[in-house]
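Q: could you work out the structure for the sequence below:
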Amino acid sequence: MNRLRLAGWIVPVLLVPQAVWAQPHVEEQVLGPLLDNFYTGHVVSPRGQRLASLVARADGGVVIVDGVEGPAFDELLSAAFVDVSLPPEINDISVLDEARRILNLHREDTVVFSADGSRYAYACRIGGDAVIVVDGKEFHREPLGPGGLCHLRFSPGGKHVYFVRKPDRGDQGFRLVMDGTPLGASYLQPLPVFSPGDGHYAYVATDLGDPDRHTLIVDGNPAAYSGVRPEFASAGALTTVQVDPQTLKQTLLLDGAPVFTALRVSGVYPDPLGQRLAAVGDMGNQYQQLFIDGTAAGGAALIDAVVWSPDGKHYAALCQSPERTRYVILDGQNGPEFQNITDLAFAPDSSRLVYVGLMDGQLHAVFNNADVMQGAAMMPLKPFFYGPDCKAAFIQGQNLNDLALVMGDEMLGGLRAVKGPAFSPDGTRRAFVHGQINQERPVVDQTEYPSLLVEPLAAPAGGPDQQARYFVFSPDNAHVVFLAASRENPKAMGLFVDGTLIPASNTRIGRVSFTPDSRHLLWTASEKPFQNIYVDGEVVARYDLGSGSQWESNEAMWDMSPEGVFTIMGPVNGQVKRFRITPPAGTSIETMIAGAAGR
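A: Predicted coordinates:
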């Protein structure tokens, strides 16, 4: 048997033998036909791994969602903007061109999903009617006038479905149709906002005869007070802005009660819990006032934004002085001034504020408006938080070969040209890449592997600051995996799991995922002509490569559930399939490693 000697230890290069392999439970479902153009023929839900296929036929078309055909139609209408002109008679154009025209395949927003992917809707023409189809069934039908429909959407929680009917004539106005019920006319297009949980909605309707006159509509009825720019806070309170018709001054209202008056209400920032409110008022003379819970709390020439801590107890306002320097007001206290400030954020546990300040060509990490770290010319990885106590880490240096990992106030000594850091969930373990281009080697905890060349994992890219991801730790902190090859034999590439080589391929390895119980490891590998799906070192399912990179790069097409079920979709023999893979009880990461190390 072939073995590979690396850094003083011997690693087998065989997978777990089939004799000891326990088959996982794999469910396959055909979602629809594979269409020529992914972007114009398929729509993927943002979550839930659902697929809508837009299938054109000579006499019309259908939408197929998860393998189920919806009602046949004559023309599929765009959900963003509907051109409702009826199609001309077919003359000398080909049937294929007519089919493509019928489906409007070069338009966006043909099928819309709710945020969680559980619901879907689209607009189509059937005869002379515009029909809204929701969850595969006809939901709303009305005569198709020359105006048309637009803005077909779900509310954030998926409870409501709505669209806007465009006017047939200029004197008719727009009408919001909420859950199939047309509401009052508006000169400008009414776009609703929703409270958390979709319990309430609000929008502004403008008068058809005088667009300067408007009515605040809440839950379909005129409110007892006027206001524009409606916005719900997290707890459901409604903020609006009331404009004095004589002075044109603006007053911020909270559920109809005045908070403050200014020349202009420049920004409204409710806290995440919906219990506190920050707002900015333009007071004139190049001065903006910050209000916290209705009380003045300092000001500046310009206040760009206000950020709340997750617990709602702290706030930070990004400000600009008359001299155009930048500073932060943290809980009423001004911080140091910089030429520019970016990446303003609170830690997830609300314990600290961090941002990056630029001064004289040097970038400085700043903590809690007081602790200013030594600057550097480069900071390719801005501060991010890791571990349950939300420690901060970042990478900085004077050039690419000088980049060092900084954790809190500690710089990792002796190592430069660092990138791709990762930490275990409890923050006690770390891994990063060390070395210049084409010499990058992995460092895990205190161990460096000089005989290995580390490679980035393919999709998802989502490391800190969207940098390439090199390492994945298991949820229980016990395991770590990375992709590397031997310097002596670059073709001997594979995933290293807890120091043991599990041969994979010399192509793209991606979607490396531990199950939530940390017992199993799953990944995908581009091994032509297939994209293979591995569980604990064995191929359990595959789909075809060569149908476009979007099947490998779209993160909405795969998911790991809290129960440890891995879901992924891809093309197979002219169809699109969804695989739901439950790892077997008889195998684990330990059996995979033991099967490799024992040979």
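
Q: could you pull up the residues touching Ala235?
A: For Ala235, the contacting residues are Pro196, Leu273, Gly274, Gln275, by Cβ atoms under 8 Å, 6 or more residues apart in numbering. Where C-beta positions appear, they are placed from N, C-alpha and C, glycine not excepted.

Q: shouldn't it be within a helix?
A: No. Counting by DSSP: H, G, I helix; E, B strand; the rest coil, Ala235 is not part of a helix but coil.

Q: only whichever of the contacts of Ala235 are buried, select them in ChimeraX.
A: This is how ChimeraX selects the buried members of the contacts of Ala235, with burial counted by 16 or more other Cβ atoms under 10 Å:
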select :274
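
Q: can you tell me the SS state at the closest residue to Leu457 other than its chain neighbours?
A: Using Cβ to Cβ, 6 or more residues apart in numbering and skipping the chain neighbours, the partner closest in space to Leu457 is Arg469 (5.1 Å). Following three-state DSSP, the label given to Arg469 is coil.

Q: quick one, phi/psi of Arg469?
A: When read as degrees, to the nearest 10, the backbone of Arg469 gives phi -100, psi 130.

Q: can you check the one 10 residues further on too?
A: Main-chain torsions, His479, degrees, to the nearest 10: phi -120, psi 150.

Q: residues near it, how many?
A: Number of residues near His479 (other Cβ atoms under 10 Å) recorded here: 19.

Q: same thing with the one 4 residues further on?
A: Close neighbours of Leu483, defined as other Cβ under 10 Å, add up to 26.

Q: wait, the residue nearest to Leu457 sits on Pro421?
A: No. Using Cβ atoms under 8 Å as the test, Arg469 is too far from Pro421 to be in contact (10.3 Å).

Q: between those two, which is the more surrounded one?
A: Per other Cβ under 10 Å, whichever of Arg469 and Pro421 has more neighbours is Pro421, with 24 against 20.

Q: list the contacts of that one.
A: Shown in contact with Pro421 (Cβ under 8 Å, 6+ apart): Leu381, Ala393, Ile395, Leu405, Arg430, Ala431, Phe432, Pro464.

Q: one more time with 6 Å, if that's ok
A: Leu405, Phe432 (Cβ atoms under 6 Å, 6 or more residues apart in numbering).

Q: make 535 the first number, not 1, from now on.
A: Yes, from this point I'll number from 535; that puts the last item at Pro955.

Q: helix or strand right after the host helix or strand of it?
A: Pro955 belongs to strand 952-957 when assigned by DSSP states H and E. On the C-terminal side of strand 952-957, the closest following helix or strand by DSSP H and E is strand 964-968.

Q: and the angle from that following strand to strand 952-957?
A: 170 degrees (axes from the mean of the first three to the mean of the last three Cα atoms, to 10 degrees).

Q: strand 964-968 - contacts with which helices or strands?
A: strand 952-957, strand 975-978 (3 or more Cβ pairs under 6 Å, 6 or more residues apart in numbering; DSSP states H and E).

Q: could you dump these to TSV with mean pLDDT?
A: Putting those into TSV (pLDDT from 0 to 100) gives the following:
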stretch	mean pLDDT
strand 952-957	90
strand 975-978	92
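
Q: buried deepest among these, which one?
A: Among these, the stretch with the highest mean neighbour count (mean count of other Cβ atoms under 10 Å) is strand 952-957, at a mean of 22.

Q: tell me the SS of Gln723?
A: Under three-state DSSP, Gln723 falls in the coil class.

Q: Met1126 belongs to a strand, doesn't it?
A: No. If the criterion is three-state DSSP, then Met1126 is helix and not within a strand.

Q: ok, so what distance separates it from Gly594?
A: Distance of Met1126 to Gly594, given as Cβ to Cβ, to the nearest Å: 51 Å.

Q: ok, Ala951 next?
A: Distance, Ala951 to Gly594, using Cβ to Cβ: 60 Å.

Q: cool, and Val560?
A: Distance, Val560 to Gly594, by Cβ to Cβ: 36 Å.

Q: looking only at neighbour counts, state which of those two leads.
A: Gly594 (19 against 14).

Q: what backbone torsions are found at the more buried one?
A: phi 150, psi -130.

Q: what's the neighbour count on the closest residue to it other than its chain neighbours?
A: Closest residue to Gly594 apart from its sequence neighbours, by Cβ to Cβ, 6+ apart: Asp608 at 4.9 Å. Applying other Cβ under 10 Å, we find 17 residues neighbouring Asp608.

Q: pop out the phi and psi values for Asp608.
A: With angles defined as degrees, to the nearest 10, Asp608 sits at phi -90, psi -30.

Q: quick one: low-confidence ranges for the protein?
A: 535-556, 573, 613-643, 703-705, 942-949, 992-1001, 1038-1041, 1080-1087, 1131-1133 (pLDDT under 70).

Q: can you show me the helices along the protein?
A: Remark: helices assigned in the chain by DSSP state H are 572-575, 629-637, 1084-1087, 1123-1131.

Q: buried residues in the first one?
A: In terms of neighbour count (16+ other Cβ under 10 Å), helix 572-575 has its buried residues at Phe572, Thr574, Gly575.

Q: from these, which is closest to Met893?
A: Closest approach to Met893 among the buried residues of helix 572-575 (Cβ to Cβ): Phe572, at 46.6 Å.

Q: mind checking how far the closest one is from Lys1062?
A: Distance of Phe572 to Lys1062, computed by Cβ to Cβ: 19 Å.

Q: likewise Gly931?
A: Counting by Cβ to Cβ, the gap between Gly931 and Lys1062 amounts to 39 Å.

Q: so for those two, which residue has more residues nearby?
A: Using other Cβ under 10 Å as the criterion, Gly931 and Lys1062 rank with Gly931 on top: 19 against 10.

Q: isn't that one up against Ala910?
A: Yes. Counting by Cβ atoms under 6 Å, Gly931 does reach Ala910; the two are 5.4 Å apart.

Q: find the residues that touch each one of those two.
A: By Cβ under 6 Å, 6+ apart, no residue touches both Gly931 and Ala910.
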